[in-house]
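Asker: Fold the following for me, if possible:
(2 chains)
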Protein chains: 2
Amino acid sequence: MNPLNLRVVLVEPTQPGNIGATARAMDNMGLEDLRLVNPCDHLSDESVKFATNAAFILKKATIYKSLAEALADQKLVIATSARVREKFHSFLHLHQLKDELAAFPRETPTALVFGRENSGLTNQEICLCNYWITIPTFGKSSSLNLAQAVLLVLYEFRKFDFKESLAPFETAPVANSHQIEYLKDHLFKILNDIQFIRPGKYESLWSSFSSLIGRAKPDERDVRMMRGIFNKIELSLGLKKKRRK
Amino acid sequence: MNPLNLRVVLVEPTQPGNIGATARAMDNMGLEDLRLVNPCDHLSDESVKFATNAAFILKKATIYKSLAEALADQKLVIATSARVREKFHSFLHLHQLKDELAAFPRETPTALVFGRENSGLTNQEICLCNYWITIPTFGKSSSLNLAQAVLLVLYEFRKFDFKESLAPFETAPVANSHQIEYLKDHLFKILNDIQFIRPGKYESLWSSFSSLIGRAKPDERDVRMMRGIFNKIELSLGLKKKRRK
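Answerer: Numbering: from 1, shown residues only, chains lettered A, B, ... in the order given. Model (predicted):
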């Protein structure tokens, strides 16, 4: 499943820049409902600066006194933690979550909860959640910045929705087998005329070109372009007469 | 395929903070080879600050005069663009790339190329690449910050490698059918003793509990915990005698 009804809950964020950058990441990924539990000043200059065009998300963010209060109307609650906690043995990797959520309808009110920059979520707060995910890291920079973690989680949730929102661009249909064979015939007629093909090598050359063209998957425009080139070569070589006007 | 031999190439980045944040994202995702084409000062205080623990990546970054030079030893070159360009009709979404790369060995030297903050890559630079991907966005914040785009792309490449690096944690085996049935028998014995079960309701109650327990997928520890609770309830209710010492 790929929840549509998503919101972000930040628990006691201490850096205004992180709240602003979270708002920007939410806007990037098409979310607007930001919930803040005992935040620092989320409308400070720094926060608004980091939000760039998403200051409107900061302005309508709602403030809560506890995580329980912020989650009261949510049905699915997913906590993200940088550290895997031994007592909670059901931590999933972010990309494994999708399969786990298969049984939930897409409209399920879903909250994505992120803890404090330094200390994360308390165990009591983690127990308010249904799923626990982690984004492990490899290097010396052992944890992600808060807003970066938000961005990665939202990206993983929303990426399959991008299809609809991609601006349509003109794509030519992939050339069909007839067009491809005609193209190869044309090429080999020229190769033959210029005596490129050595005796006994015709078949292996044909096979190499077939494979190359197969991998390139030319579309109809590509085929037209190549046939245009072949025509011009033939004309330039005097192999073909110019069409009469 | 999931390339292992990855590097990041930034073309003419103008914000030192973005270079630093890129180094941090690379370290997060286990990369070290950063290549810079005509960069701003990549060792400035601001750059180093944004790199946090990944300043070592900035220090060993290599500088080039052109993208072609930076790519000379690479076999697979992937360009990321915020804008889909009509002339290059083979743009893929980031998450679609994986299938396209199936034919390449994992060790293929692979460069991930990111353009200028404001103007991206020139058409000439884009033609140096084999694949073009885009990370579209939804909202008013129409494009991602450079380092955020790097992080998302690296995450998509590396996420399946996280499995190995997750610290192993003790997991109890899921309880088997025998243990589950014993647990339900125990519960229903108590429910019967306290006369919770109304006449004719035994079966539907049994069915509801079976479904609930089935969904909860308790492990052996969970079952021991619940049986402990049931024992204590029985003792407290005087339904069961304390074991002799």
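Asker: what about the helices in chain A?
Answerer: With DSSP state H, the ranges of helices along chain A come out as A:16-28, A:45-51, A:55-59, A:67-70, A:97-100, A:123-126, A:146-158, A:162-165, A:177-193, A:202-216, A:220-236.
Asker: mind checking which of these is nearest chain B?
Answerer: helix A:16-28 (3.5 Å; Cβ to the nearest Cβ). All C-beta atoms are positioned from the backbone trio N, CA, C, and that covers glycine.
Asker: Also compute the angle for the closest one relative to helix B:146-158, please.
Answerer: 60 degrees (axes from the mean of the first three to the mean of the last three Cα atoms, to 10 degrees).
Asker: highest average neighbour count across the helices of chain A?
Answerer: Ranked by mean neighbour count, the helices of chain A are led by helix A:16-28 with a mean of 27 (mean count of other Cβ atoms under 10 Å in any protein chain shown).
Asker: one step back: would you turn the helices of chain A into JSON lines with mean pLDDT?
Answerer: What follows is the helices of chain A, written out as JSON lines (pLDDT from 0 to 100):
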{"stretch": "helix A:16-28", "mean pLDDT": "95"}
{"stretch": "helix A:45-51", "mean pLDDT": "95"}
{"stretch": "helix A:55-59", "mean pLDDT": "96"}
{"stretch": "helix A:67-70", "mean pLDDT": "95"}
{"stretch": "helix A:97-100", "mean pLDDT": "80"}
{"stretch": "helix A:123-126", "mean pLDDT": "85"}
{"stretch": "helix A:146-158", "mean pLDDT": "91"}
{"stretch": "helix A:162-165", "mean pLDDT": "58"}
{"stretch": "helix A:177-193", "mean pLDDT": "89"}
{"stretch": "helix A:202-216", "mean pLDDT": "84"}
{"stretch": "helix A:220-236", "mean pLDDT": "87"}
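Asker: Quick one: residues contacting the closest residue to A:Tyr202 other than its chain neighbours.
Answerer: Spatial nearest neighbour of A:Tyr202, excluding adjacent residues (Cβ to Cβ, 6 or more residues apart in numbering or on different chains): A:Phe188 at 7.8 Å. Applying Cβ atoms under 8 Å, 6 or more residues apart in numbering or on different chains to A:Phe188 gives the contacts A:Ile197, A:Tyr202, A:Leu205, A:Trp206, A:Phe209.
Asker: Would you mind giving the helices of chain A as TSV with distance to B:Phe138 added?
Answerer: Below are the helices of chain A laid out as TSV (distance: least, Cβ to Cβ, whole Å):
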stretch	distance to B:Phe138
helix A:16-28	7
helix A:45-51	15
helix A:55-59	12
helix A:67-70	23
helix A:97-100	19
helix A:123-126	29
helix A:146-158	7
helix A:162-165	6
helix A:177-193	38
helix A:202-216	33
helix A:220-236	31
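Asker: The most centrally placed residue in chain A and chain B: what is the separation?
Answerer: Central residue of chain A (Cα atoms, centre = their mean): A:Lys159, 4.5 Å from the mean position. According to Cβ to the nearest Cβ, to the nearest Å, A:Lys159 and chain B sit 5 Å apart.
Asker: Then A:Thr110?
Answerer: On the measure of Cβ to the nearest Cβ, A:Thr110 and chain B end up 17 Å apart.
Asker: surely that residue meets A:Val9?
Answerer: No. Look at A:Thr110 against A:Val9 with Cβ atoms under 8 Å: they stay out of range, at 10.6 Å.
Asker: domains in chain A, as residue ranges please.
Answerer: Segmentation of chain A into domains, based on automatic domain parsing, reads A:6-165, A:177-236.
Asker: So for B:Asn192, which of the ones you listed sits nearest?
Answerer: Smallest distance to B:Asn192 across these (Cβ to Cβ): 31.4 Å, for domain A:6-165.
Asker: gap between the closest one and the chain center?
Answerer: 18 Å (Cα atoms, centre = their mean, to the nearest Å).
Asker: follow-up on the earlier one: wait, which of the helices of chain A is closest to B:Arg116?
Answerer: That would be helix A:16-28 among those, by Cβ to Cβ, at 19.3 Å.
Asker: hmm, the closest one touching chain B?
Answerer: Yes. Under the criterion of Cβ under 8 Å from any Cβ of the partner chain, chain B is reached by helix A:16-28 at A:Arg24, A:Ala25, A:Met26, A:Asp27, A:Asn28.
Asker: send the alpha carbons of that helix over as CSV?
Answerer: Presented in CSV, the C-alpha positions along helix A:16-28 are these (Å, rounded to 0.1, in the frame of the first residue of the first chain):
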residue,chain,number,x,y,z
PRO,A,16,14.2,26.1,13.8
GLY,A,17,16.1,25.4,10.6
ASN,A,18,15.1,21.7,10.8
ILE,A,19,11.5,22.6,11.1
GLY,A,20,11.7,24.9,8.1
ALA,A,21,13.6,22.3,6.0
THR,A,22,11.0,19.6,7.0
ALA,A,23,8.3,21.9,5.7
ARG,A,24,10.2,22.3,2.4
ALA,A,25,10.6,18.5,2.1
MET,A,26,6.9,18.0,2.8
ASP,A,27,6.0,20.5,0.1
ASN,A,28,8.4,18.7,-2.3
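Asker: Show me what that helix is packed up against.
Answerer: Identification of packing neighbours for helix A:16-28 by 3 or more Cβ pairs under 8 Å, 6 or more residues apart in numbering or on different chains; DSSP states H and E yields strand A:6-11, strand A:34-37, helix A:45-51, helix A:55-59, helix A:146-158.
Asker: Redo those as CSV? Include distance to A:Cys127.
Answerer: Listed next are the helices and strands packed on helix A:16-28 as CSV, based on distance: least, Cβ to Cβ, whole Å:
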stretch, distance to A:Cys127
strand A:6-11, 13
strand A:34-37, 15
helix A:45-51, 30
helix A:55-59, 28
helix A:146-158, 20
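Asker: what about A:Phe196, how many residues close to it?
Answerer: A:Phe196: 12 surrounding residues under other Cβ atoms under 10 Å in any protein chain shown.
Asker: Next: the one 3 residues further on.
Answerer: Using other Cβ under 10 Å, A:Pro199 is surrounded by 5 other residues.
Asker: just A:Glu107 next, same as before
Answerer: 10.
Asker: OK, contacts around the closest residue in space to it that isn't next to it in sequence?
Answerer: Distance criterion Cβ to Cβ, 6+ apart; nearest residue to A:Glu107, sequence neighbours excluded, is A:Asn5 at 5.3 Å. Counting by Cβ under 8 Å, 6+ apart, A:Asn5 touches A:Arg106, A:Glu107, A:Thr108, A:Pro109, A:Thr110.
Asker: for A:Lys217, same thing?
Answerer: Applying Cβ under 8 Å, 6+ apart, the residues near A:Lys217 are A:Val174.
Asker: pLDDT score assigned to it?
Answerer: A:Lys217 is assigned 79 on the pLDDT scale.
Asker: now it: how far from B:Met29?
Answerer: Using Cβ to Cβ, to the nearest Å, one gets 31 Å for the distance from A:Lys217 to B:Met29.
Asker: cool, A:Lys201 as well?
Answerer: Look at A:Lys201 and B:Met29: by Cβ to Cβ, they are 48 Å apart.
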